[in-house]
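Trainee: Next comes the sequence, and after it the predicted model I'd like to discuss.
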Amino acid sequence: MVLNLLSAAAVGLAVYLSGNVQPVAALENGVGRLPILGYNTWNYYQCNIDENLIIQTASLMQSLGLQAAGYNHVHLDDCWAMKNRSSNGSLVPDTTRFAGGFNNMTDQLHAMGFQAGIYSDSGWYTCAGYPGSFMYEEQDAMTFQNWGFDYLKYDNCAIPYDDIIQQGTYGKYQRMSDAISWLANSTGLPPLIFSLCEWGWSQVWLWGATVGQSWRTTGDIGPDWYSLTNIINVNSFLTQATDFYGRNDLDMLQLGNGNLTFDEAKSHFTAWALMKSPLLIGTNLSNITTETLSILTNSEILAINQDPVVGTSISPFSWGVNPDFTYNSTYPAQYWSGPSQNGTVFMLINVLDEPSDMFFNLTQSPWIRAGRQYAVRDLWAHTDNGTAVRNFTATAVPPHGVVALLMTDAGNEPAGIYPACAVWYQCTDQNGTHVGG
Ligand SMILES: *[C@@H]1O[C@H](CO)[C@@H](O)[C@H](O)[C@H]1NC(C)=O
Ligand SMILES: *[C@@H]1O[C@H](CO)[C@@H](O)[C@H](O)[C@H]1NC(C)=O
Ligand SMILES: *[C@@H]1O[C@H](CO)[C@@H](O)[C@H](O)[C@H]1NC(C)=O
Ligand SMILES: *[C@@H]1O[C@H](CO)[C@@H](O)[C@H](O)[C@H]1NC(C)=O
Ligand SMILES: *[C@@H]1O[C@H](CO)[C@@H](O)[C@H](O)[C@H]1NC(C)=O
Ligand SMILES: *[C@@H]1O[C@H](CO)[C@@H](O)[C@H](O)[C@H]1NC(C)=O
Ligand SMILES: *[C@@H]1O[C@H](CO)[C@@H](O)[C@H](O)[C@H]1NC(C)=O
Ligand SMILES: *[C@@H]1O[C@H](CO)[C@@H](O)[C@H](O)[C@H]1NC(C)=O
Ligand SMILES: *[C@@H]1O[C@H](CO)[C@@H](O)[C@H](O)[C@H]1NC(C)=O
Ligand SMILES: *[C@@H]1O[C@H](CO)[C@@H](O)[C@H](O)[C@H]1NC(C)=O
Ligand SMILES: *[C@@H]1O[C@H](CO)[C@@H](O)[C@H](O)[C@H]1NC(C)=O
Ligand SMILES: *[C@@H]1O[C@H](CO)[C@@H](O)[C@H](O)[C@H]1NC(C)=O
């Protein structure tokens with residue numbers, strides 16, 4: 001039925017997408033099975049970081065209940081290093097801002113129950129102009145591990161000349177992946193979790209999962225609605241690439257930053273969590289609002305992000321205002337679903353600037369069984385919202401707002417509902433009579 005509505009061009013796109021996204025063997029090296037939950041310094045502090053901020057942030061994550069909610073990583077981003085390596089080639093932490101040394105800092109983080117993350121770059125320099133790891137991959141991987149780090153974010157700035165690097169995007173990232181694997185093999189210690197920060201989406205086709213545990217699919221996120229819809233739109237076409245051990249990274253959270261409204265922040269968090277992105281908080285925790293905190297600690301949404309049984313992302317089943325498969329940065333797909341440990345999860349995003357009622361037939365989602373009825377759980381209201389038969393309407397969803405539902409099987413639907421097939425197309429009696437449209 002939906003296919004009849006697609007233009008020839010859209011059919012081409014659909015075939016192109018389904019033809020190219022192949023499941024690949026993920027790097028199942030024992031780390032990064034589930035999305036990382038934690039904090040990263042970049043979105044709020046950029047280069048204004050020091051060891052006190054890191055430890056204060058970790059303390060706030062404890063006192064605000066974020067650690068208890070599952071956020072157990074604290075990550076430095078760019079600007080932690082001295083501009084020059086030491087005479088033996090080693091990276092050196094900024095001697096003023098990290099005067100106590102990284103071992104002291106990571107010891108404290110570990111003692112507090114956190115894992116620690118560091119940042120480097122696949123080119124000559126980091127994006128802020130500090131030394132990159134190109135040609136120093138093994139030495140730097142060893143240094144990061146010696147400093148007590150558990151995780152490495154790896155950026156994409158200052159790419160060497162072609163005649164020097166002689167690598168494609170894949171090979172450029174494989175260098176550090178090999179160094180991490182070599183180090184783990186030679187030390188017997190767990191490998192660093194490897195987070196690729198390459199701003200294209202070619203990783204999703206074949207290679208990202210063979211190199212690291214997550215890969216960015218877009219440029220940097222901004223703290224406004226347009227940036228969110230842009231990222232949601234791009235990723236709506238790439239959801240097939242995400243599973244345990246390897247996933248699309250929609251970039252770090254902007255909740256609490258910029259001019260996001262409460263509803264926009266809820267949409268942001270819901271989309272990132274249910275698409276199984278890493279969730280890295282990026283705001284100033286010393287004055288975080290109770291509203292932002294309440295979003296970040298929604299335990300029913302976090303549980304789906306951390307689903308131990310189903311690693312895949314939700315995917316769109318209907319674009320809503322636009323025809324299916326429309327690529328549109330301000331009006332991305334609105335109706336999404338996916339399987340989970342406890343049932344089918346739905347996400348409805350109102351991309352319009354006014355409130356709207358959002359309707360869908362249950363069987364538009366491939367995970368819903370025809371002929372069954374479903375108990376509806378609202379994952380934001382934290383209420384049981386009765387039983388859905390055939391369809392569901394969320395009324396007056398606020399502008400840029402979101403609805404997240406968990407539907408669980410509640411037995412056969414009541415007898416005698418017309419039509420006899422919820423999906424009328426091709427509905428056929430056993431005696432061969434085609435009754436449907
Ligand atoms: C850093 O290295 C560059 C290039 O080798 C050199 O020109 C510069 O003087 C060094 N800076 C410091 C502070 O050592
Ligand atoms: C290299 O130099 C740094 C800083 O001077 C020092 O901390 C480190 O231990 C040295 N590494 C080796 C392998 O000698
Ligand atoms: C770590 O640094 C803090 C603050 O500078 C200091 O009080 C503490 O003794 C150091 N701990 C270790 C294990 O070096
Ligand atoms: C590390 O060990 C694994 C398992 O033996 C092997 O497949 C892999 O090639 C090794 N990696 C490196 C870089 O030596
Ligand atoms: C929010 O910020 C973005 C980027 O600066 C801007 O384009 C947009 O108009 C702002 N929206 C509101 C509602 O202020
Ligand atoms: C928190 O404090 C910073 C720095 O003073 C300020 O820019 C920001 O707007 C504050 N955030 C909130 C949510 O009050
Ligand atoms: C499934 O339900 C159980 C029991 O309520 C809960 O503990 C678990 O977190 C849920 N799993 C998901 C993925 O939501
Ligand atoms: C995106 O979709 C909206 C709603 O259909 C439409 O008004 C707008 O023109 C589209 N934008 C582009 C760039 O096509
Ligand atoms: C929902 O189902 C009804 C009845 O079968 C049908 O008329 C309608 O077109 C369907 N709507 C969508 C959005 O699929
Ligand atoms: C929704 O399903 C009910 C049966 O539960 C049916 O009566 C109603 O017509 C359906 N609505 C639409 C718009 O298809
Ligand atoms: C579910 O019920 C609660 C409590 O009545 C209500 O606040 C919420 O809006 C309902 N959710 C939906 C999607 O209708
Ligand atoms: C075949 O099924 C159709 C639709 O239910 C029905 O109208 C028709 O009477 C049936 N024919 C026979 C020969 O049973």
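Mentor: In hand now; what should we look at? Ligands and ions are numbered 1, 2, ... in the order given.

Trainee: domain ranges for the protein?
Mentor: Per automatic domain parsing, the structural domains of the chain span 6-305, 332-412.

Trainee: Determine which of the ones you listed approaches ligand 2 most closely.
Mentor: Among those, the nearest to ligand 2 by CB to the nearest ligand atom is domain 6-305 (3.7 Å). The C-beta positions use only the backbone N, C-alpha and C, and glycine is treated the same way.

Trainee: picking that back up, among the domains of the chain, which is nearest Ser315?
Mentor: With CB to CB as the criterion, Ser315 lies closest to domain 6-305 of the domains of the chain, at 4.3 Å.

Trainee: ok now the closest one, how far from the chain's centre?
Mentor: Averaging C-alpha positions (CA atoms, centre = their mean, to the nearest Å) puts domain 6-305 10 Å from its chain's average.

Trainee: That domain and ligand 2 in contact?
Mentor: Yes. On the criterion CB under 6 Å from any ligand atom, domain 6-305 is in touch with ligand 2 at 86, 88, 90, 92.

Trainee: Do you know the pLDDT at the residue nearest to the first one when sequence neighbours are not counted?
Mentor: In space, not counting the residues next to it along the chain, Ser86 is nearest to Val92; the distance is 5.2 Å by CB to CB, 6 or more residues apart in numbering. Confidence at Val92, expressed as pLDDT, is 98.

Trainee: what residues are up against Val92?
Mentor: Taking CB atoms under 8 Å, 6 or more residues apart in numbering, we find Val92 in contact with 81-82, 84-86.

Trainee: In strands, which of those residues appear?
Mentor: With strands taken from DSSP state E, there is no overlap with these.

Trainee: just curious, which of the residues you listed is nearest to ligand 9?
Mentor: The closest of the contacts of Val92 to ligand 9 turns out to be Ala81 (CB to the nearest ligand atom; 54.0 Å).

Trainee: ok, and the closest non-adjacent residue to the closest one?
Mentor: In this structure, Ala81 finds its nearest non-sequential neighbour in Tyr130, 4.3 Å apart by CB to CB, 6+ apart.

Trainee: same thing with Ala241?
Mentor: Nearest residue to Ala241, sequence neighbours excluded (CB to CB, 6+ apart): Val204, at 3.6 Å.

Trainee: still on that earlier bit, buried only: go through the contacts of Val92 for me.
Mentor: Ala81 (16 or more other CB atoms under 10 Å).

Trainee: so can I have JSON lines of the contacts of Val92 showing distance to Ser267?
Mentor: Output for the contacts of Val92, formatted as JSON lines (distance: CB to CB, whole Å):
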{"residue": "Ala81", "distance to Ser267": "36"}
{"residue": "Met82", "distance to Ser267": "41"}
{"residue": "Asn84", "distance to Ser267": "44"}
{"residue": "Arg85", "distance to Ser267": "43"}
{"residue": "Ser86", "distance to Ser267": "46"}
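
Trainee: out of the contacts of Val92, what pair is the most spread apart?
Mentor: Longest span within these, CB to CB: Ala81 and Ser86, 10.7 Å.

Trainee: Centroid-nearest residue for the protein?
Mentor: Centroid-nearest residue in the chain: Ser277, 1.3 Å away (criterion: CA atoms, centre = their mean).

Trainee: Give the other helices and strands that the helix or strand encompassing Tyr226 contacts.
Mentor: Taking DSSP states H and E as the definition, Tyr226 sits inside helix 225-236. When contacts are defined as 3 or more CB pairs under 8 Å, 6 or more residues apart in numbering; DSSP states H and E, helix 225-236 sits against helix 262-274.

Trainee: Can you name the next helix or strand after the helix it packs on?
Mentor: Scanning forward in sequence from helix 262-274 by DSSP H and E, the next helix or strand is strand 279-281.

Trainee: Residues touching that following strand, excluding its own?
Mentor: Residues outside strand 279-281 that contact it (CB under 8 Å, 6+ apart) are 35-40, 66, 71, 73, 75, 252-253, 255-256, 269, 272-273, 296, 302, 305.

Trainee: at 7 Å what do you get?
Mentor: Residues outside strand 279-281 that contact it (CB atoms under 7 Å, 6 or more residues apart in numbering) are 35-40, 71, 75, 252-253, 272-273, 296, 305.

Trainee: Counting only helices, which of these make the cut?
Mentor: If you go by DSSP state H, the contacts of strand 279-281 have 272-273, 296, 305 in helices.

Trainee: mind putting those in CSV, pLDDT, neighbour count and distance to Tyr136 included?
Mentor: Formatted as CSV, the ones in helices among the contacts of strand 279-281 follow (pLDDT from 0 to 100; neighbours: other CB atoms under 10 Å; distance: CB to CB, whole Å):
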residue, pLDDT, neighbour count, distance to Tyr136
Trp272, 98, 28, 33
Ala273, 99, 29, 36
Leu296, 98, 26, 36
Asn305, 98, 21, 34
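
Trainee: all helices of the stretch 251-400 of the chain, in order?
Mentor: Remark: helices assigned in the stretch 251-400 of the chain by DSSP state H, counting those that start in this stretch are 262-274, 290-296, 299-305.

Trainee: Tell me which of the ones you listed lies nearest to Met112.
Mentor: Nearest of the helices of the stretch 251-400 of the chain to Met112, taken as CB to CB: helix 290-296 at 18.4 Å.

Trainee: what does that closest one rub up against?
Mentor: 64, 66, 255-256, 262, 265-266, 269, 281, 283.

Trainee: That helix near ligand 6 at all?
Mentor: No. In terms of CB under 6 Å from any ligand atom, no part of helix 290-296 sits within range of ligand 6; the closest distance is 7.3 Å.
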